[in-house]
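# here are the coordinates; sequence isn't available:
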């Protein structure tokens, strides 16, 4: 059956029967007349501005939603298509977007986060970004961090390049603090052996400096006593080599011997081949030059007989 409605838009013929209402009017089936659309709809299929618009005003610029409303801003899940004047649907992974592609996201929901580099919603933020759960965004770490839990330099969890993770401060550092050493394989500061103040590797033979009252030996261990051939250098806490003439010593000079290697004899801080001065004898027991009894001009032992 041919639908005929009364067109009230003609100025020449005020009343005219038409099969289709002109732009800006809709078929009011109740009265069978062409009724004007309600602003801001420029085309419509009924009186409601929430559900019946089919085209929207361009001044001001409005966009047609999927529900049939004219809006200045498209609802979440859609974006304004300037060509069609409609709100087009975002890619399903986006909560809000600027276009139809996966890389046009401007907001995310659920357990996804906006990657600012790719403009896509991801389940895990890339390296050098952390997840902001409240805002569903990937935010940049401090520039020293490879991975992090927040924006501050003490919120690093992993490091890269020439930086090392210091677990005590959660910072990425170029020089590990005392008591730790830089491990290039893991980019972490690992704990030195308890005997070391500083070190360059794992174990008690990797010390580089020692704690108070211990000394760095030639084997890179920290010891309480340096042993024969070395003396305790208290300024730098190191074991320094004695003079070649000494078996043991209190300092670097040949006059600072405390013990001599046989057959040398100890005399007044030096190691000598013989006790050459009159009034001295060789003490075979402790390999030293000892003074004769005052009554003797020369002797072989400490007693006057």
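Now that the structure is in, tell me what you want to look at. Nothing here was measured: the structure is a model prediction, and the numbers come from that model.
# C-alpha from now on. contacts and neighbour counts both.
Fine.
# what residues are up against residue 153?
141-145, 170-172 (Cα atoms under 8 Å, 6 or more residues apart in numbering).
# Now do stretch 140-160: distance from first to last residue.
By Cα to Cα, to the nearest Å, the extent of stretch 140-160 from end to end equals 15 Å.
# Run the chain-centre distance for it.
Put simply, stretch 140-160 sits 3 Å off its chain's centre (Cα atoms, centre = their mean, to the nearest Å).
# before we move on, what about stretch 89-108?
Distance of stretch 89-108 from the chain centroid (Cα atoms, centre = their mean) equals 30 Å.
# now that stretch: mean pLDDT?
The pLDDT scores in stretch 89-108 average 94.
# contact partners of it?
Here stretch 89-108 makes contact (Cα under 8 Å, 6+ apart) with 76-80, 88, 109, 113-114, 118-121, 136-137.
# now swap in stretch 42-60 and tell me
Applying Cα under 8 Å, 6+ apart, the contact partners of stretch 42-60 are 23-28, 37-41, 62-64, 67-70, 85.
# Swap in 7 Å and give it another go.
Stretch 42-60 has contacts (Cα atoms under 7 Å, 6 or more residues apart in numbering) with 23-26, 37-38, 40-41, 62-64, 67-70.
# hang on, the earlier thing: narrow the contacts of stretch 89-108 to those that are buried.
Buried members of these, scored by 16 or more other Cα atoms under 10 Å, are 77-80, 88, 109, 113-114, 119-121, 136-137.
# Any stretches of this protein with poor pLDDT?
Applying pLDDT under 70 to the chain flags residues 1-15, 304-305.
# tell me, what residue is most central in it?
residue 145 (2.5 Å; Cα atoms, centre = their mean).
# host element of it?
Using DSSP states H and E, residue 145 sits within no helix or strand.
# That one against residue 159, yeah?
Yes. Residue 145 is in contact with residue 159 according to Cα atoms under 7 Å; the separation is 5.3 Å.
# Mind listing the shared neighbours of the two?
residue 172.
# quick one on the thing from earlier: need the buried ones from the contacts of stretch 42-60 selected in PyMOL.
Applying 16+ other Cα under 10 Å to these, the buried members can be selected in PyMOL as follows:
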select buried, resi 24+25+26+37+38+40+41+62+63+64+68+69+70
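# Between the contacts of stretch 42-60, which sits nearest residue 299?
residue 63 (122.6 Å; Cα to Cα).
# Now do the contacts for that closest one.
Under the criterion of Cα under 7 Å, 6+ apart, the neighbours of residue 63 are 56, 70-72, 74, 80, 85-87.
# which residues does it bridge with?
Under DSSP bridges, the beta-bridge partners of residue 63 are residue 71.
# and stretch 192-212, how far apart are its ends?
Using Cα to Cα, the end-to-end distance of stretch 192-212 comes to 16 Å.
# Next, residue 104: phi, psi?
The phi and psi torsions at residue 104 (degrees, to the nearest 10) take the values phi -110, psi 20.
# quick one: it from residue 94, how far?
Taking Cα to Cα, one finds residue 104 at 8 Å from residue 94.
# Please identify which of the two sits among more neighbours.
residue 94 (30 against 19; other Cα atoms under 10 Å).
# Where does the more buried one sit: helix, strand or coil?
Following DSSP: H, G, I helix; E, B strand; the rest coil, residue 94 is assigned to coil.
# From residue 208, how far out is it?
The spacing between residue 94 and residue 208, counted by Cα to Cα, is 55 Å.
# Residue 48 too?
Using Cα to Cα, we find residue 48 at a distance of 83 Å from residue 208.
# swap in residue 295?
Residue 295 sits 56 Å away from residue 208, going by Cα to Cα.
# Between those two, which has more neighbouring residues?
Neighbour comparison, residue 295 and residue 208: the larger count goes to residue 208, with 17 against 11 (by other Cα under 10 Å).
# Tell me if I'm right that that one and residue 201 touch.
No. At 9.4 Å, residue 208 and residue 201 do not qualify as touching, with contact defined as Cα under 7 Å.
# got the residue ranges for the helices in the stretch 151-300 of the chain?
Counting by DSSP state H, counting those that start in this stretch, the stretch 151-300 of the chain has no helices at all.
# need the contact list for residue 156.
By Cα under 7 Å, 6+ apart, residue 156 lies in contact with 145, 147-149, 170-172.
# what sits opposite residue 182 in the beta ladder?
residue 189.
# Measure how buried it is and give me the count.
A count of neighbours around residue 182, defined by other Cα under 10 Å, yields 25.
# doesn't residue 189 make contact with it?
Yes. With contact defined as Cα under 7 Å, residue 182 and residue 189 form a contacting pair (4.8 Å).
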